[in-house]
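Trainee: everything below, folded, please.
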Amino acid sequence: MGQYMLTYFSISINSFRVSGGILLMMMAIDMLHGKVSETLQTEQEMQEGETKESIAIVPLSIPLLAGPGAISYIILYAFRGAGLHHYLMMVLIIVLVVMILWGVLACIPWLNRHISRTGINVFTRLMGLIIAALAIEFIANGLKGLFPVLAAGI
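Mentor: Modelled structure (predicted):
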């Protein structure tokens, strides 16, 4: 379905790589600065959530786990191959990631008691650095596809 949507809007996969990389880079920069990204929740969304009776339906981590960055990565990975085997592997990987995330999220109360705020900030910044490197790879691969002369020089 994603390929048809990109075709309908005349968006090349390389343009999507660059835009997905930029989005990931914005999130990574916010993580490196140790603040909650505005790509996760804007001030208006936060105020709207405070006026609702229950905001527990959508935890703060959902935009990071299944937000624009994750969706971009899945779409880009889907273009790496074709066929039933490739898509079954993608489903298997997603299920594995969900199980790992469930384990990590289940451990959060224990981690919160045993890791200091400084430790959490250090880990957040380290993950921000890894996400920034991944974003650069997305952008570089997209630019090579958009401008083949760049790939010829390497």
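
Trainee: what residues does stretch 90-101 touch?
Mentor: With contact meaning Cβ atoms under 8 Å, 6 or more residues apart in numbering, stretch 90-101 is reached by 65, 74, 77-78. In short, each C-beta sits where N, CA and C put it, glycine included.

Trainee: please pull out the lowest mean pLDDT helix or strand from the protein.
Mentor: helix 43-51 (a mean of 60; mean pLDDT, DSSP states H and E).

Trainee: returning to what we had before: top of the contacts of stretch 90-101 by number of neighbours, please.
Mentor: A78 (16 neighbours; other Cβ atoms under 10 Å).

Trainee: model confidence score at it, please.
Mentor: A78 carries a pLDDT value of 79.

Trainee: again with V18
Mentor: 90.

Trainee: that one against L143, yeah?
Mentor: Yes. In this structure V18 lies within contact range of L143 using Cβ atoms under 8 Å: 6.4 Å.

Trainee: neighbour count: those two, which is higher?
Mentor: A side-by-side neighbour count of V18 and L143, using other Cβ under 10 Å, places V18 first with 18 against 15.

Trainee: could you look up the SS state of that one?
Mentor: Secondary structure, DSSP: H, G, I helix; E, B strand; the rest coil: V18 is helix.

Trainee: what helix or strand is the residue nearest to it when sequence neighbours are not counted on?
Mentor: Closest residue to V18 apart from its sequence neighbours, by Cβ to Cβ, 6 or more residues apart in numbering: G142 at 3.7 Å. Using DSSP states H and E, G142 maps to helix 117-146.

Trainee: gap between that helix and the chain center?
Mentor: Computed by Cα atoms, centre = their mean, to the nearest Å, the chain-centroid distance of helix 117-146 equals 10 Å.

Trainee: buried sites along it?
Mentor: 124, 128, 131-132, 134-135, 138-142, 144-145 (16 or more other Cβ atoms under 10 Å).

Trainee: so which elements touch that helix?
Mentor: helix 13-32, helix 68-78, helix 148-152 (3 or more Cβ pairs under 8 Å, 6 or more residues apart in numbering; DSSP states H and E).
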